[in-house]
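Enquirer: sequence unknown, structure follows:
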């Protein structure tokens, strides 16, 4: 598993629009957004999820096959909420917390600076959507996972029920920017 590299197309998207775009465009935008909101990020997550964020993190960790021997890489780890939850609930042997944004941390999930087959588990919470080169990021994660390793992620998805989907899209378009404005004083970083 780990040493083999998955084929990637070099495909890059603008994380704000979902359209093809140079990776630098999204990378610069994501870095600025998360630099600007770093100090208010956890409060935003709690408020915008109506308090569900912590239970989602607990579920992510509880369902992850973490043992006391686990070498864990937390990609797009931000302020450490997934890593701290793993420490509190499962106590892995080692956690490497990484993030693309220097205000949070400084490791790019699209170019992971570790040897092949270095980690038993990779966690990522709401990170893949911020990576313009998603195929490359997934290939890198696959490369650094040990054989039999697990990628455990937490991400939003569109509800299949049409009524729920309508409410979900409305909330993403209007509710999330409103919470962003309330928490950080700036809605623009939450529109993407």
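Expert: Received, thanks. All figures in this text were calculated on a predicted structure; none of them were measured in a lab.
Enquirer: give me phi/psi at residue 80?
Expert: phi 100, psi 10 (degrees, to the nearest 10).
Enquirer: that one: what's it in contact with?
Expert: 74, 97 (C-beta atoms under 8 Å, 6 or more residues apart in numbering). (Glycine included, C-beta is placed from N, CA and C.)
Enquirer: distance-wise, check it relative to residue 173.
Expert: Per C-beta to C-beta, to the nearest Å, residue 80 is found 29 Å from residue 173.
Enquirer: quick one: strands adjacent to the longest strand seen in the chain?
Expert: Secondary structure of the chain per DSSP state E: the longest strand is strand 145-154. The pairing partners recorded for strand 145-154 under DSSP bridges are strand 119-125 (parallel).
Enquirer: quick check: closest non-adjacent residue to the residue nearest the centre of the chain.
Expert: When C-alpha atoms, centre = their mean is applied to the chain, the residue found nearest the centroid is residue 127 (1.9 Å). Take residue 127 and drop its neighbours on the chain: the residue closest to it by C-beta to C-beta, 6 or more residues apart in numbering is residue 76, 2.5 Å away.
Enquirer: returning to what we had before: contacts for the longest strand of the chain, please.
Expert: 1-2, 56-57, 60, 63-65, 71, 82, 117-128, 141-142.
Enquirer: need the next SSE after that strand, C-terminal direction.
Expert: Downstream of strand 145-154, the next assigned helix or strand under DSSP states H and E is helix 162-170.
Enquirer: many thanks, have a good one.
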